[in-house]
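Student: got a predicted model here, sequence first, then my questions.
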Amino acid sequence: MAWNLFQERSNGNPVFVAVYVTLLVGIVFSAAYVFSSFYMGKPVFYSGEAASSPLVPHVDSSQTKQSLNFSQPATNDSATQNGFPAPQLKNQSIWSRPIWEPPPVGTKMPHSKEFQLTKAMVEFRAEDNVIIVTFGNYAFMDFILNWVKHLTDLGVFNLLVGAMDTKLLEALYWKGIPVFDMGSNMNTIDVGWGSPTFHKMGREKVILIDAILPFGYELLMCDTDMVWLKNPLPYLARFPEADILTSSDQVIPTVTDDRLEIWQQVTGAYNIGIFHWRPTDSAKKMVKEWKDMLLADEKMWDQNGFNVLIHKSLGPSIDEESGLVYAFDGNLKFGILPASIFCSGHTYFIQAMHQQLKLEPYAVHTTFQYAGTEGKRHRLREGMLFYDQPEYYDSPGGFLSFKPYIPKHLLLDGKHTVESHFALINHQMKQIRTALSIASLLNRTLVMPPLWCRLDRLWFGHPGVLEGTMTRQPFLCPLDHVFEVNFMLKQLSEQDFGPGIDFREYSFLDNPLLPKMVKESLLEVELCDERSAHCHIANEKSDHGTFRFPKHSSEETFISVFSAYKDVKVIRFSSMEDPFQGFTDKERETKFRNRVKHYVGIWCCVQNRDRGHIYYDMYWDEKPGWKPAPPSTPEDDHPPW
């Protein structure tokens, strides 16, 4: 029939024939593409950056479920579907494409209006009536990719990301992340906690919640500096009556299993980095009042406002079993997620509460930490919870590591006091200082050792460990408890600070993402007493696979010996007890000292003191009679340089 029509209309006209054939071929190829992309579940990857990134996983067939659902034609009115306009093909390419599948080669950036938040957009991504949302600006791009990667690894795909600037919007689109424009026109840089822009971001969060709830979907709202470790949706579904479920800053457990916290015993603030909303009248009323409160006071922290409103009316319990409580206006049903499994930076990294209670954590939020955004990133790296780009795992100059030595009496003996804590830290600090000098000399990246502490670090006076917490003494403490991670990562002037020294987290060499060729390219260096007859530099490894190297070696010896092993990826020293006698070049020594003395921060804080913090000193051992003590006067309150 089509052929007869063709013959009748063409009358042998060659132009008509060419047009007709072109249209026919286009229809055939379009149909083939739609069939292969949406029905066969075989996403097309292109060979650009996103395809080679570890943050672009293989897309399995489970991700195509939503693509199949939304690629079907409308069964009712062709102009509408489920009550609102049927999505056009270009919208399908944006919203129903499997996560991590980038746009096809040759695709142009869609018009900005395609990224406006709509009910149809949420419907595209929602599953079981739940949508999971985070948001941020370009400064948090790697955190956002990490957040998405953890969820998709768990088989959770009903997510959306709000972009607060155009740069992030475009970057996420080209990586295949479902992103929408928040219309914030925010700077692309890290705004810093407590700044006016930080408070603006908080207001944007509340405005976003207020915009999504009327769509009728449950909303799991998350900060970008948190990670999902287990699918939370089955847990949240256990409390169908709850209007709001939130995480908290509670550090003392009120339950020892996976029940909600006992609300009467929670003293920590309700933390809005992780919270779940149902689109009930009470929740909508709450968020509108919260939004109005923040818009009326540009300096109010969004979390403080939330806590104020919840506490307007708190109690009684809804029942004896669920753990829910009436809050806000006396009608809203509220629950507090257990901090043992919806973890803060303290319950996860310091207390390891989930391990001690034998529970499986759902999430960790990088709170209770120091050194800003860089400290948050390093915390996640220490926990092997951060996906970095491939180059992070293969430094051009190779890596340097060592086995730290800590005498038993420093780690375990005696009382846990300020003095015993600093004695332990100073012993480790001296070894790290030496390792930094050798790493600088050999142009290698230092893999930090595990760091042990006797006392916790907080921003207020405390007895060393908060009473009632599950913190063990001693404990493996994050690097940001002692070191200024943010300063260590700064690009400093070589003229004043000498060459930069790159570093990695203590867990780096155990990370499954570390390439096999890096792990297997290893030189073990065993330090020996230079006065021993058996301690001499050999050209080959010993029968035990180690390389003997004398203590107190000079700069020239280090360079001449290890230049022969520049192609070895990892050089691991048996110890950092006096391997190096110091730089020969005194100018370089001065610059190195100027750099590393800024690397350490403070311990905080002695109780009942106006100035209770105590400065760490990288060169404590050069000051006879040095003791850990808070500044006695305002004039003394400065770092030790």
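Tutor: Perfect, I can see it now.
Student: tell me where the stretch 201-350 of the chain is predicted with low confidence.
Tutor: Applying pLDDT under 70 to the stretch 201-350 of the chain flags the ranges 202.
Student: one more: the chain?
Tutor: 1-94, 185-200, 202, 538-545.
Student: max-length helix in it?
Tutor: helix 418-442 (DSSP state H).
Student: packing partners for that one?
Tutor: strand 399-402, helix 408-411, strand 445-447, strand 452-453, helix 555-562, strand 570-573, helix 586-596, strand 602-603 (3 or more Cβ pairs under 8 Å, 6 or more residues apart in numbering; DSSP states H and E). Every residue, glycine included, has its C-beta placed from N, CA and C.
Student: just grab the bridge partners of residue 228 for me.
Tutor: Under DSSP bridges, the beta-bridge partners of residue 228 are residue 363.
Student: that one reaches residue 149, doesn't it?
Tutor: No. Contact status for residue 228 versus residue 149: not in contact, 9.7 Å apart, counting by Cβ atoms under 8 Å.
Student: residue 303: which element?
Tutor: helix 302-310 (DSSP states H and E).
Student: residues contacting that helix, please?
Tutor: The contact list for helix 302-310 (Cβ atoms under 8 Å, 6 or more residues apart in numbering) reads 199, 202-203, 205-206, 246, 269-272, 286, 289-290, 293-294, 327-328, 334.
Student: mind listing what's buried in stretch 504-513?
Tutor: Buried residues in stretch 504-513, counting neighbours by 16 or more other Cβ atoms under 10 Å, are found at 504, 505, 506, 507, 508, 509, 511.
Student: list the contacts of the third one.
Tutor: Think residue 506. Counting by Cβ under 8 Å, 6+ apart, the residues that residue 506 touches are 382, 447, 448, 449, 450, 451, 479.
Student: any chance of those residues in a markdown table, with neighbour count and distance to residue 98 too?
Tutor: Listed next are the contacts of residue 506 as a markdown table, based on neighbours: other Cβ atoms under 10 Å; distance: Cβ to Cβ, whole Å:
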| residue | neighbour count | distance to residue 98 |
| --- | --- | --- |
| 382 | 22 | 32 |
| 447 | 21 | 36 |
| 448 | 23 | 38 |
| 449 | 19 | 41 |
| 450 | 14 | 39 |
| 451 | 22 | 41 |
| 479 | 24 | 37 |
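Student: just put those residues in CSV and tack on distance to residue 102.
Tutor: Output for these, formatted as CSV (distance: Cβ to Cβ, whole Å):
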residue, distance to residue 102
382, 31
447, 33
448, 35
449, 40
450, 39
451, 40
479, 35
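Student: wait, which of the residues you listed is closest to residue 566?
Tutor: Checking the contacts of residue 506 against residue 566 by Cβ to Cβ gives residue 447 as the nearest, at 17.4 Å.
Student: which ones are touching the closest one?
Tutor: Counting by Cβ under 8 Å, 6+ apart, residue 447 has contacts 399, 400, 401, 503, 504, 505, 506, 508, 509, 570.
Student: residue 567 now?
Tutor: Counting by Cβ under 8 Å, 6+ apart, residue 567 makes contact with residue 521.
Student: could you measure from residue 521 over to residue 398?
Tutor: Distance, residue 521 to residue 398, using Cβ to Cβ, to the nearest Å: 8 Å.
Student: over to residue 427?
Tutor: 27 Å.
Student: one more: residue 161?
Tutor: 36 Å.
Student: as JSON lines, the helices and strands packed on helix 418-442 with distance to residue 619 would be great.
Tutor: As requested, those are exported to JSON lines (distance: least, Cβ to Cβ, whole Å):
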{"stretch": "strand 399-402", "distance to residue 619": "20"}
{"stretch": "helix 408-411", "distance to residue 619": "19"}
{"stretch": "strand 445-447", "distance to residue 619": "18"}
{"stretch": "strand 452-453", "distance to residue 619": "20"}
{"stretch": "helix 555-562", "distance to residue 619": "19"}
{"stretch": "strand 570-573", "distance to residue 619": "21"}
{"stretch": "helix 586-596", "distance to residue 619": "7"}
{"stretch": "strand 602-603", "distance to residue 619": "16"}
